[in-house]
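Q: next comes the sequence, and after it the predicted model I'd like to discuss.
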Amino acid sequence: METEHIYIGDEFADNYREPTTIEKQRQIRNRVNGTMTTISFFEEGFVRVNEVRNKKHIKEHTLELRFLSGEPVVTKRLALPFLWAALGIGLLALLVSFVLPMTSFAGFTFASTATFATMAVIALLMFVYRSEETHRFCTASGHTAVIALAASFGCIRKMRTVSREISQAIREEAGDYDTADVSYLRAEMKVHYKLAEMGVISREACSDGTSQILSKFG
């Protein structure tokens, strides 16, 4: 079990305190991969992402919204080869069921049709399992992904709704801060170091993120 609590502070906040008041919660149940993701929004300007898969606690991140970009990076993956395979094998099963009875192999009609039909169903299930849409939220200046919401068929619409809520919360929280300000940039660098220390991002991602931030110093 991997659990991380990351409280992102900044060096220009004098009265920092850990989030305690949950304003609202949203849940995304992905029945395809058995994942339940709970998004908690805090009045103090934090968001917590808790992920449980098959009743096993996978991870938990608590992040300060003002250091995130409000525009998620959206990627869509459709396992089309499995879909085409399912359609092709399904048509083959249908063809066999009509043609084989008129041949000397009529006794194998049921077994052959059932075999191809099963293969078609498996290919279709693989298409559903391998296809997903992911919304990734990155740090504002470092462009390092720290939140990833992945959804399969059946929960994509819900995930998009939650993603929009996170974007709105980030915009509301970050509206009063100048992301080009030196103090803000230094604080965001500390964020990346903390995330790497806790294992939320890799050392390489931390290095890339801090390099991006350093390039913005005038």
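A: Ah, there it is.

Q: helices or strands next to the helix or strand of the chain with the lowest mean pLDDT in the packing?
A: Averaged element by element with mean pLDDT, DSSP states H and E, the chain has its least confident helix or strand at strand 56-64 (a mean of 87). Under the contact criterion of 3 or more Cβ pairs under 8 Å, 6 or more residues apart in numbering; DSSP states H and E, strand 56-64 touches strand 46-53, strand 145-151. All C-beta spots, glycine's among them, are computed from the backbone N, C-alpha and C.

Q: max-length helix in this protein?
A: Longest helix of the chain, by residue count under DSSP state H: helix 109-130.

Q: if we go by neighbour counts, what in that helix is buried?
A: Residues of helix 109-130 classed as buried under the neighbour-count rule (16 or more other Cβ atoms under 10 Å) are 109, 112-113, 116-117, 119-120, 123-124, 126-128, 130.

Q: do stretch 38-54 as well
A: Using 16+ other Cβ under 10 Å, the residues of stretch 38-54 that count as buried are 39, 40, 41, 42, 44, 45, 46, 47, 48, 49, 50, 51.

Q: where does this protein have low pLDDT?
A: Of all residues in the chain, those with pLDDT under 70 make up the ranges 1-17, 218.

Q: which residues does the residue nearest the centre of it bridge with?
A: When the chain is reduced to its mean C-alpha position, the closest residue under Cα atoms, centre = their mean turns out to be residue 149, at 2.3 Å. With beta bridges defined as DSSP bridges, residue 149 has these partners: residue 135.

Q: for residue 67, see how far away it is.
A: Residue 149 sits 18 Å away from residue 67, going by Cβ to Cβ, to the nearest Å.

Q: which parts of the protein are helices?
A: Under the criterion DSSP H, the chain contains helices at 80-99, 109-130, 156-174, 182-197, 203-214.

Q: and the buried residues of helix 109-130 as JSON lines, adding distance to residue 74?
A: Formatted as JSON lines, the entries for the buried residues of helix 109-130 read as follows, by distance: Cβ to Cβ, whole Å:
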{"residue": "109", "distance to residue 74": "47"}
{"residue": "112", "distance to residue 74": "43"}
{"residue": "113", "distance to residue 74": "41"}
{"residue": "116", "distance to residue 74": "37"}
{"residue": "117", "distance to residue 74": "36"}
{"residue": "119", "distance to residue 74": "33"}
{"residue": "120", "distance to residue 74": "31"}
{"residue": "123", "distance to residue 74": "27"}
{"residue": "124", "distance to residue 74": "25"}
{"residue": "126", "distance to residue 74": "23"}
{"residue": "127", "distance to residue 74": "20"}
{"residue": "128", "distance to residue 74": "20"}
{"residue": "130", "distance to residue 74": "18"}
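
Q: biggest separation within the residues you listed, which pair?
A: Comparing every pair within the buried residues of helix 109-130 by Cβ to Cβ identifies 109 and 130 as the most remote, at 31.7 Å.

Q: pull the distance from stretch 168-186 to the chain's centre.
A: Relative to its parent chain, stretch 168-186 has a centroid offset of 23 Å by Cα atoms, centre = their mean, to the nearest Å.

Q: then stretch 197-205?
A: Here stretch 197-205 shows a centroid-to-chain-centroid distance of 17 Å under the convention Cα atoms, centre = their mean.
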